[in-house]
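1. I need the structure of the sequence given here:
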Amino acid sequence: DDDDEEEEEEEDDDEKEDDEEEAKLDMAQSLVLPLRDLVDIMNDPVRLRQDNKAKARLLRKLADESNRKTDVIGRLVRENERLRAKCKDADDKDDIIERLCDHCGELEAELDTLSSKLARAEKAAARA
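-> Numbering: from 1, shown residues only. Next up, the predicted model:
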């Protein structure tokens, strides 16, 4: 029984070692392939120039898009300032209207007072 157990442990250890070796090999291959691609690209100036041109086109598109967004933001800021000025003008106009209404109320009260005085004066004149 002890011999069987030792053999099983040795087989398990061998399998673990094989699995570890296989994992290391897989990792090495996964690193080698991208390195080969990089070497191929560096050795192929035409492909490298094409990649650079594609990247330059992409950068130009991004710059154009950024400029468009900056223009839109600028327009929005100007529109916001214009609307704020309108709101301030509207607030100022509301204040003027409110003061005019207050003044009209005062004038109406004064008119009522004068009308009462006139009615009394007319009554006094009619009696005299």
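2. packing partners of the lengthiest helix in the chain?
-> Ranked by residue count, the top helix of the chain under DSSP state H comes out as helix 45-127. In this structure, helix 45-127 makes packing contacts with helix 2-43, judged by 3 or more C-beta pairs under 8 Å, 6 or more residues apart in numbering; DSSP states H and E. C-betas here are computed from N, CA, C, even on glycine.
3. for the helix it packs on, what is the distance to the chain centroid?
-> 48 Å (C-alpha atoms, centre = their mean, to the nearest Å).
4. please apply the same query to stretch 72-89.
-> Here the centre of stretch 72-89 is set off from its chain's centre by 18 Å, with C-alpha atoms, centre = their mean.
5. related to what we said a few turns ago, now do the longest helix of the chain against helix 2-43, angle only.
-> Regarding helix 45-127 and helix 2-43, their directions subtend 80 degrees when assessed with axes from the mean of the first three to the mean of the last three C-alpha atoms, to 10 degrees.
6. mind checking the pLDDT average for helix 45-127?
-> Here the mean pLDDT over helix 45-127 is 90, rounded to a whole number.
7. when you give positions from now on, start the count at 232
-> Let's use 232 as the start, then, which means that last one is helix 276-358.
8. what's the offset of it from the middle of its chain?
-> Counting by C-alpha atoms, centre = their mean, helix 276-358 is centred 25 Å from the centre of its parent chain.
9. what about A352, neighbour count?
-> The local packing count at A352 equals 10, with neighbours defined by other C-beta atoms under 10 Å.
10. cool, and D325?
-> Under the criterion other C-beta under 10 Å, the count of neighbours that D325 has is 10.
11. ditto for L279
-> Burial of L279 is recorded as 13 neighbouring residues (other C-beta under 10 Å).
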